[in-house]
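Enquirer: Task: produce atomic coordinates for the following.
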Amino acid sequence: MRKIVVIHGPNLNFLGIRETSIYGKDNFNTLNQTILERGRQLHLTIDIFQSNHEGILIDTLQQCFKDQVDGIIINPGAFTHYSYALRDAIASISIPTIEVHISNIHTREEFRHHSVTAPVCIGQISGFGTNSYLLALEAFSMRYTEEERMNENE
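Expert: From the prediction side, this is the model:
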């Protein structure tokens, strides 16, 4: 089974508490249980990590490299818009990474419109609430299915 690491950035542990009109009423534990369940259905092994600290997120990305994980789903939170250190960490590990956001960052405040991390990711999913994470899992599942088909045809 392929291993995916889901990395939640700052303030995501406050889902269901902070700005529910933007981020919804689902709490952090409910989101994580939903991610784990969908991962099982897609035959993916899922590890989930959250931190409010930039350096710990970078350490986690580097550990993903050491552990040879197959993919990363990251919601960098506010670090999306200014953390070149996080961007460089994603670029340095060469693991397919999908950036996700619960809200549509392109329809919010101007400073949220630009992501410094998206250019080093294979894609970005935003605006679908907590389903953004599930869509990223689906994208990885489809990618792995396609890779397996291509390998069979060689």
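
Enquirer: okay, CA-based contacts and neighbour counts for the rest of this
Expert: Noted.

Enquirer: Only alpha carbons, please: show the longest helix seen in the chain as CSV.
Expert: If each helix of the chain is counted by residues according to DSSP state H, the longest one is helix 131-153. The C-alpha trace of helix 131-153 is given here as CSV (Å, rounded to 0.1, in the frame of the first residue of the first chain):
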residue,chain,number,x,y,z
ASN,A,131,-13.5,17.7,1.2
SER,A,132,-10.4,19.4,-0.3
TYR,A,133,-8.4,16.8,1.6
LEU,A,134,-10.5,13.9,0.3
LEU,A,135,-10.1,15.2,-3.3
ALA,A,136,-6.3,15.2,-2.8
LEU,A,137,-6.5,11.5,-1.6
GLU,A,138,-8.6,10.7,-4.7
ALA,A,139,-6.0,12.4,-6.9
PHE,A,140,-3.2,10.3,-5.4
SER,A,141,-5.2,7.2,-5.8
MET,A,142,-5.9,7.9,-9.5
ARG,A,143,-2.2,8.7,-10.0
TYR,A,144,-1.1,5.4,-8.5
THR,A,145,-3.6,3.5,-10.5
GLU,A,146,-2.4,5.1,-13.7
GLU,A,147,1.3,4.3,-12.7
GLU,A,148,0.4,0.7,-12.1
ARG,A,149,-1.4,0.5,-15.5
MET,A,150,1.6,2.0,-17.3
ASN,A,151,4.0,-0.5,-15.5
GLU,A,152,1.8,-3.4,-16.6
ASN,A,153,2.0,-2.3,-20.2
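
Enquirer: Distance from that helix to the middle of the chain?
Expert: Put simply, helix 131-153 sits 15 Å off its chain's centre (C-alpha atoms, centre = their mean, to the nearest Å).

Enquirer: The helix or strand bottoming out on mean pLDDT in the chain: what's the following helix or strand?
Expert: Sorting the helices and strands of the chain by mean pLDDT, DSSP states H and E puts helix 20-23 at the bottom, at a mean of 68. Using DSSP states H and E, the helix or strand that directly follows helix 20-23 along the chain is helix 28-41.
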